[in-house]
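Engineer: Take a look and give me a structure for this.
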Amino acid sequence: MKKNQSVDLSIIIGNYNTKAILQKTIRSIIKYNKQILFEIIVVDDASTDGSVEYLKQHFPDVRIFVNKTNLGYSKSYNIGTKNARGPYILHLNSDVLFLKFELKRAIEYMNTHKNIGILGCRILKKDRRLDLPCKRSFPTIWNIFFQSIGLSKLFPKSKLFGRYYLTYLNERSIAQVDCLMGAFMLIRKKVIHKIGYLDEQFFIYGEDIDYCYRAKKAGWNIVYFPAITVKHIHGGTTNNNKLKHVLLFHQAMFLYYKKHFNNNHILVNLLVYGGICIRFFLSAIISLLHF
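Structural biologist: All right, here's what the predicted structure looks like:
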């Protein structure tokens, strides 16, 4: 691909010591997406596993940006997005594999539906079950409560109890949703021009919910598009220190609420922050028990 050649799509992948998985991800992109012209941009967060050297040797067409330190998810993906040439930007995790479904279908769908700002896909875990956060509602006190105490699992088809992960929706049907998973977010570049980049206050986690919230508030539709299916291996950096990532996840919950919903109702704020703390301690205990 020539340096200044136009592309249909820019695929941004953040990497932090995931060389073994990253190479599989890139190969799956190349194998199953031959009908569109795309560029792959990898932003490396100071990996020490030889990721950058491997990419340069085996994937010379991949554009690489190397950070001197681990800047985190939002900053790294913003670096890639700012250097992207395509009218569509795909934020893709380094541990997501394509399964023969071509991105051309998603781009064609967005081309014919100009009001779609961000599009997600059907994401499967290694056991082939749906990775539930790939389609969900914005978090509220009640839907998080129902999800945390297990009512959403007991009554997945209930529109009340299954609201957070929208488990009552058919996972194979296109649907408008509130937010998607950052592991796969296809973003129209016009959205970025209108609302800006990922909020870099979020080191990891929460940036996807925040970005979808901002996009929807600006009038864009968020769509779950299961005609594209990928596999999420979940074998990246989050496995290295699970307790740390439990903490980062709940910090993101604090930040999201404080940014968009914190108000003068002290009692409500205390209930929300207290609920997040309780959820953190329970999650931390579970994480330690499974260590």
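
Engineer: At the geometric centre of the protein, which residue sits there?
Structural biologist: Gly182 (0.6 Å; CA atoms, centre = their mean).

Engineer: Which residue ranges make up the domains of this protein?
Structural biologist: 9-135+171-237, 139-167, 242-289 (automatic domain parsing).

Engineer: now the end-to-end length of the shortest one.
Structural biologist: The reference is to domain 139-167. End-to-end distance of domain 139-167 (CA to CA, to the nearest Å): 14 Å.

Engineer: So which bits of that domain are buried?
Structural biologist: Using 16 or more other CB atoms under 10 Å as the test for burial, domain 139-167 gives 139, 143-144, 146-147, 151-152, 161-167. Any C-beta I mention is one placed from the backbone N, CA and C, and that applies to glycine too.

Engineer: Run the chain-centre distance for it.
Structural biologist: 21 Å (CA atoms, centre = their mean, to the nearest Å).

Engineer: and for stretch 186-196, what are the contacting residues?
Structural biologist: The set of residues external to stretch 186-196 that reach it, using CB atoms under 8 Å, 6 or more residues apart in numbering, is 81, 84, 86-91, 103, 106-107, 110, 116-121, 211, 214-215, 218, 220.

Engineer: ok so, going back, so what's the residue nearest to the centre of the chain up against?
Structural biologist: So Gly182 contacts 73, 91, 93, 207-208, 211 (CB under 8 Å, 6+ apart).

Engineer: what comes into contact with whichever helix in the chain runs longest?
Structural biologist: Counting by DSSP state H, the longest helix found in the chain is helix 266-289. Outside helix 266-289, the residues that touch it by CB under 8 Å, 6+ apart are 141, 144-145, 148, 242-243, 246-247, 249-250, 253-254, 257, 261-263.

Engineer: repeat that with 7 Å
Structural biologist: The list of residues contacting helix 266-289 from outside it, by CB atoms under 7 Å, 6 or more residues apart in numbering, reads 141, 148, 242-243, 246, 250, 253-254, 257, 262-263.

Engineer: Repeat that for stretch 100-115.
Structural biologist: 8-9, 32-33, 35-36, 88, 116, 119, 121, 186, 188, 220-221, 225, 227-229.
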